[in-house]
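In: Attaching a predicted model along with its sequence, questions to come.
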Amino acid sequence: MAEVGGGNGGATTAQRIMGWFPERVQLHLAMLALQFGYAGFHVVSRAALNMGISKIVFPVYRNILAFILLLPFAYFLEKKERPPITLNYLIQFFLLAVVGITANQGFYLLGLDNTSPTFASAIQNSVPAITFLMAAILRIEKVRLDRKDGLSKVFGTLFCIAGASVITLYKGPTIYSPSPSLNKVREMSPLLSSLGDANGKSWTLGCVYLIGHCLSWSGWLVLQAPVLKKYPARLSFTSYQCFFGILQFIVLAAFMERDLNSWLIHTGSELFSVFYAGVVASGIAFAVQIWCIQKGGPVFVALYQPVQTLVVALMASVALGEEFYLGGIIGAIFIIIGLYMVLWGKNEERKYLLQKNPPLLQSPTDNDVPRSSIVQPLLSQSNGNV
């Protein structure tokens, strides 16, 4: 019934609608939708923490939902390209889950609980620069200081480090508070009032946790590249990590969350936050980002990352009544400048390599991970972020 006859040879209605837009436009729309989805996750997660949901239970339920979503696609779509599983692969997946899921998501929630969604999103813009620094230290990435692309990556990394340091060490005065009219709207809504930004937190400690989150995320990006070259089935690769991440969080919960009442979902708002994290920010966002990386390349995807920070700031102001501080704004500007310097350097390096050795440069759609993928955001926010 979904097919439409005529000159399109039985094309579906969805395909005909998509055909009205050039692929480049589709990519931009998909990336904007992706940033709104991720921005919503920051706000929803902070709202869940404000409502009292456990920082251990939340990622357990989130990863269970992501695993349930990914498993059938991984099983049926990657039958031919999925290598046989071995003990060596299982050990690597387990260790990657420690870095990319357990440490990553744990540090994120601890940091978010002590800061705000806006600054959590701002610090995440430093991930490409930190990834580049790690890759350079491990000699996965070559640093050429005699070329402008090499200098751009180095100075971009320094800008990101400076920005993260400013956010961590200098909170500064409040430069924006929600208007009285906006506060009245929030007060009239019982739901929005219950989600208000929590006080009494340790800002510096929260920023340290968020830096740990970014280090874990970057470490995952560096460590997963050689594994994906041997095991190119991305959906299965992610599903295994989700599974091990669930087991690791359950073990942590056995020691840190012994109150059985914490495992119950008490309100519809808590249920929505868990559902949003697992389905929207993990399952759906993963599929959209994979498509965008394949069609537009990892640099194109990473360029949209700062949009998320702006959207988060607007959402958090309305939903949480969040205030903006001078130190956070200055740090975010430094980090975004550094992000674009690193991405520009990577793009120039790719052009240089393409001119020098065209056949040796992989395209972003190859099964093996291209060198330029070192700057891409996590393929799945179920493994990152968040």
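Out: Perfect, I can see it now. What you see is a predicted model, and the numbers here were worked out from it, not measured in a lab. Numbering: from 1, shown residues only.
In: Going by C-alpha atoms from here, please, whenever you check contacts or count neighbours.
Out: Noted.
In: Where does pLDDT dip in the stretch 251-386 of the chain?
Out: 298-299, 358-386 (pLDDT under 70).
In: As a check, name the ranges of all helices in the stretch 151-300 of the chain.
Out: For the stretch 151-300 of the chain, the helices defined by DSSP state H, counting those that start in this stretch occupy 180-188, 190-194, 203-230, 234-256, 268-275, 285-296, 298-303.
In: Using TSV, lay out these together with mean neighbour count and distance to residue 127.
Out: Converted to TSV, the helices of the stretch 151-300 of the chain look like this (neighbours: other C-alpha atoms under 10 Å; distance: least, C-alpha to C-alpha, whole Å):
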stretch	mean neighbour count	distance to residue 127
helix 180-188	13	33
helix 190-194	14	31
helix 203-230	22	6
helix 234-256	19	19
helix 268-275	17	25
helix 285-296	19	17
helix 298-303	21	10
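In: want to throw those helices into TSV with distance to residue 48?
Out: Output for the helices of the stretch 151-300 of the chain, formatted as TSV (distance: least, C-alpha to C-alpha, whole Å):
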stretch	distance to residue 48
helix 180-188	17
helix 190-194	10
helix 203-230	17
helix 234-256	18
helix 268-275	6
helix 285-296	20
helix 298-303	27
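In: name the helices or strands packed onto the helix or strand where residue 61 lies?
Out: Using DSSP states H and E, residue 61 maps to helix 57-77. Secondary-structure packing of helix 57-77 (3 or more C-alpha pairs under 8 Å, 6 or more residues apart in numbering; DSSP states H and E): helix 234-256, helix 268-275.
In: Quick one, which of the helices of the stretch 151-300 of the chain gets closest to residue 29.
Out: helix 285-296 (10.2 Å; C-alpha to C-alpha).
In: Now do the closest one: distance to the chain's middle.
Out: Taking the mean of its C-alpha atoms, helix 285-296 sits 13 Å from the chain's own mean (C-alpha atoms, centre = their mean, to the nearest Å).
In: and it with helix 57-77, angle?
Out: 50 degrees (axes from the mean of the first three to the mean of the last three C-alpha atoms, to 10 degrees).
In: i'd like the first residue to be 299 from this point on
Out: In the new count, where the first residue is 299, that last one comes out as helix 583-594.
In: ok, residue 440 - contacts?
Out: Contacts for residue 440 were tallied using C-alpha atoms under 8 Å, 6 or more residues apart in numbering; they are residue 434.
In: Tell me the secondary structure at it.
Out: Following DSSP: H, G, I helix; E, B strand; the rest coil, we place residue 440 in the coil state.
In: per-residue pLDDT, it?
Out: Among the per-residue scores, residue 440 shows a pLDDT of 77.
In: How about the one 4 residues further on?
Out: Looking at residue 444, its pLDDT reads 83.
In: can you point me to the longest helix in the chain?
Out: helix 624-654 (DSSP state H).
In: now for that helix, which elements pack on it?
Out: Using 3+ C-alpha pairs under 8 Å, 6+ apart: helix 624-654 touches helix 415-422, helix 425-435, helix 446-467, helix 596-601.
In: rerun that using 7 Å as the cut-off
Out: helix 425-435, helix 446-467 (3 or more C-alpha pairs under 7 Å, 6 or more residues apart in numbering; DSSP states H and E).
In: what's the angle between the helix holding residue 359 and helix 566-573?
Out: Here helix 355-375 runs at an angle of 40 degrees relative to helix 566-573 (the same axes, to 10 degrees).
In: which residues are in contact with helix 355-375?
Out: By C-alpha atoms under 7 Å, 6 or more residues apart in numbering, the residues outside helix 355-375 that reach it are 533-534, 537, 540-541, 544, 547-548, 561, 572, 575-577, 580-581, 680.
In: rerun at 6 Å
Out: Residues outside helix 355-375 that contact it (C-alpha atoms under 6 Å, 6 or more residues apart in numbering): 533-534, 537, 540, 544, 572, 575-576, 580-581.
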